[in-house]
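> just to be clear, the model below is a prediction. Sequence and coordinates:
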Amino acid sequence: MTHTCNQRDRRILSFPAVHPCEGISPPTLLASLITLAQTITNYQPPLFVTQRRNARETIRQIGVVLIFLQEIQDPIPDSTILCFLELHFTLQKIHFLMQDCTLHGARLLMLAKSQHVASQFRAFLRAVATSLDVLPLHNFHVCHEVKELLQLVTKQSSKAKFELHPNDARVAKTLHSVLRQFARGIEPNQTTLREIMDYLEIKTWTDCNDEIKFLEDEIALECCNNEEREVPLLSSLVGFLSYCRGVIFETVVDTNQTEARCSTEMITLTSVINPEDFRCPISLELMKDPVTVSTGQTYDRASIKKWLKAGNTTCPKTGENLTNTELVPNTTLKRLIQQFCYDYGISLTKSFNRGRDITRTIVAGSPAAAHAVQFLSWFLARRLVFGTPEQKHRAAYEVRVLARSSIFNRACLIQVGTVPPLLELLTTNDKSTQENAISSLLKLSKHANGPETIIESNGLTPILTVLKNGLSLEARQIAAAIIFYLCSVKEYRKLVSQNPEVIPGLVELVKEGTTCGKKNAVVAIFGLLLLPRNHQKAVAAGAVRALVNVLASSSDKDELVTECLAVLAALAENVDGAREILQASALPFVTRVLRSATSRAGKEHSASILLSLCVNVGAEVVAVLAKDTALMPLLYSLLTDGTSHAAKKARFLIKVLQDFNETRSSGIKGSSALEERPLHVW
């Protein structure tokens, strides 16, 4: 029988027992007590890697209590109800303790806290003895032998020491000694590490990885509850295990079963675009609450309010007079900034969900964790440079896993120089090695220093080669994601786009990729379009028709559709792009999204495309839209339900259609709205 627990809604060694209500019926209470006692006695001592002796004694004593409970036949006397209520409460806690001692992935933590765990066994058994000691046994019709046995167990429970087994104590002492070595910057002896792992029966890379995942969940739960007292110990244990996973178990890693595949190697348009665009022109700080004024400029709400309160009536950036003081929230930009902070470890506000916020990993949780990761990073860097092909393959995979969820880990890996040898591995003929190397580079590219390090290591060419001719579709899709992160830096955006194959390669991925690959390619194209000269390149490469085909075939994939619309909206602002969209017969798909999309962003992008087509193509488009009787109600709904930005587009488009209908009915050709408005729209 294996006891595992998926109750990750509670911290380990927390015991959220509840008292049964006093009005509970005696038969129900007795039945519940019997069930709890049976559950505890079903645990077998071999399941306990540590605390085996204490667990055995607890199981034995609760077994006697179970015999007594099962012997009770008459109704429970009222005078004993309170005793049984307390007993029920304590048995719940013992059950939680048994769960935790046998919990998959908790072995190292239970060893580290072994003295505390032993004290819990002692405290709970004494609580059982207290409940039984005041129990009037003479009121129960059970055999004399059972009563005597119960009395004996009560005495034993009240006096039992439940001390730590000498072997547990010895290995726990060794573990804490190793953690102190890491904290002082001393690399421990590998033989000592193996002894600890062997004692805990952590025998494989996967076993070690499971322990790390468990501890990371514990840290997340603690941070989520704003109780970070245990974070230093938990982080030290994660560092210890990470070092063991990469150094001790490097020869048994299974790179096919642990790390999620391309389904997690995916980016969205809410990822970082250009950090400088996120700074308030007044304060020069990242905007927490971006708002747009009447001139179209965006500022942080606090800064612009202070500006206006000082009596200023002009736009700080342009010097134009403000027609009104309305501050319109820029929700799209706010989401972009939040994702930027998430990826790059910048904390804007303490209100973020700390349990899931990667910003907490910008520094190591403890000195021991920091040095453990540094030692491991140096080990992996050496393997990547001097190792055999198999060792390089495994080191690339370890970098991939290590960089997955910690900004500090990414910083260490970049600092010790893993990027250049990872780039060299992109030229390998081994598909799995190439996938691990490109995935590692993706994770490192998310660090603030990642794009610069990749570019300075001449990494652009091999990454573009993988995009075009990668050994697997997954590798090509991950390469597209890296290109997006490189384009997040304005200077590199121009450099990337100078390669004539990059945009055609992304367009091919839009056509051939999985949903994940299409998304990566679409957002990479979006990043490149932030450089105006790339609009014509994207149109010439067939981006419009590829995106329209995605709209036609992916109506059930809302996020992908929304991001395709965002790119089309950008292309539609150019006359050539607008004409290409019209020639690709995109109008039906765009109006369909406007009609059926569940996301406000999708509807806003659709309205933007339609408006740009009207402005840049003219009456030919307006005539088609004017015949769609369902369009006008949809636009009116955007006036009330959409963002302020969407409402502006809808209002202008309604005006265009109304003017067209009026001129058509009066026999006047053309559209005055189109003639009076400039080609540039919001």
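Sure, I can see it. Numbers count the residues shown, from 1 in each chain.
> give me the contact list for the host helix or strand of A569.
Secondary structure from DSSP states H and E places A569 in helix 558-572. Identification of contacts with helix 558-572 by Cβ atoms under 8 Å, 6 or more residues apart in numbering yields 268-269, 515, 518-519, 522-523, 525-526, 529, 535, 538-539, 543-544, 547-548, 550-551, 554-555, 577-578, 580-581, 586, 590, 593, 597-599, 601-602, 605-606, 608-609, 612-613, 616. All C-beta atoms are positioned from the backbone trio N, CA, C, and that covers glycine.
> buried subset of these, written for PyMOL?
Applying 16 or more other Cβ atoms under 10 Å to the contacts of helix 558-572, the buried members can be selected in PyMOL as follows:
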select buried, resi 268+269+515+518+519+522+523+525+526+529+535+538+539+543+544+547+548+550+551+577+578+580+581+586+590+593+597+601+602+605+606+608+609+612+613+616
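> now V64. Nearest residue, chain neighbours left out?
Closest residue to V64 apart from its sequence neighbours, by Cβ to Cβ, 6 or more residues apart in numbering: V153 at 4.5 Å.
> A helix includes that neighbour, no?
Yes. Per DSSP: H, G, I helix; E, B strand; the rest coil, V153 lies within a helix segment.
> how many other residues sit next to it?
23 (other Cβ atoms under 10 Å).
> do G387 as well
By the criterion of other Cβ under 10 Å, G387 has 17 neighbours.
> contacts only, for the closest residue to it other than its chain neighbours.
Here the nearest residue to G387 in space, its sequence neighbours aside, is A395; by Cβ to Cβ, 6+ apart that works out to 6.1 Å. For A395, the contact set (Cβ under 8 Å, 6+ apart) comprises E250, L380, R383, L384, G387.
> contacting residues around A381?
A381 neighbours (Cβ under 8 Å, 6+ apart): L413, V416, G417, T418, P421.
> filter the residues you listed down to the ones in strands?
Applying DSSP state E to the contacts of A381, no entry is found in strands.
> just the buried subset of these, please.
Using 16+ other Cβ under 10 Å as the burial test, the contacts of A381 include L413, V416, G417, T418, P421 as buried.
> now, among those residues, which is nearest to E187?
Checking the buried ones among the contacts of A381 against E187 by Cβ to Cβ gives V416 as the nearest, at 14.2 Å.
> the closest one: what's it in contact with?
By Cβ under 8 Å, 6+ apart, the residues touching V416 are Q374, S377, W378, L380, A381.
> residues contacting the residue nearest to D628 when sequence neighbours are not counted?
In this structure, D628 finds its nearest non-sequential neighbour in T591, 6.3 Å apart by Cβ to Cβ, 6+ apart. Applying Cβ under 8 Å, 6+ apart, we find T591 in contact with S606, L610, L625, D628, A630, L631.
> filter the residues you listed down to the buried ones, ChimeraX style.
The buried residues among the contacts of T591 can be selected in ChimeraX (16+ other Cβ under 10 Å) with this line:
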select :606,610,625,628,631
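> possible to save the contacts of T591 as TSV with secondary structure, distance to S158 and pLDDT?
TSV is the format used below for the contacts of T591 (DSSP: H, G, I helix; E, B strand; the rest coil; distance: Cβ to Cβ, whole Å; pLDDT from 0 to 100):
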residue	secondary structure	distance to S158	pLDDT
S606	helix	74	85
L610	helix	80	86
L625	helix	85	82
D628	coil	84	78
A630	coil	80	77
L631	helix	81	80
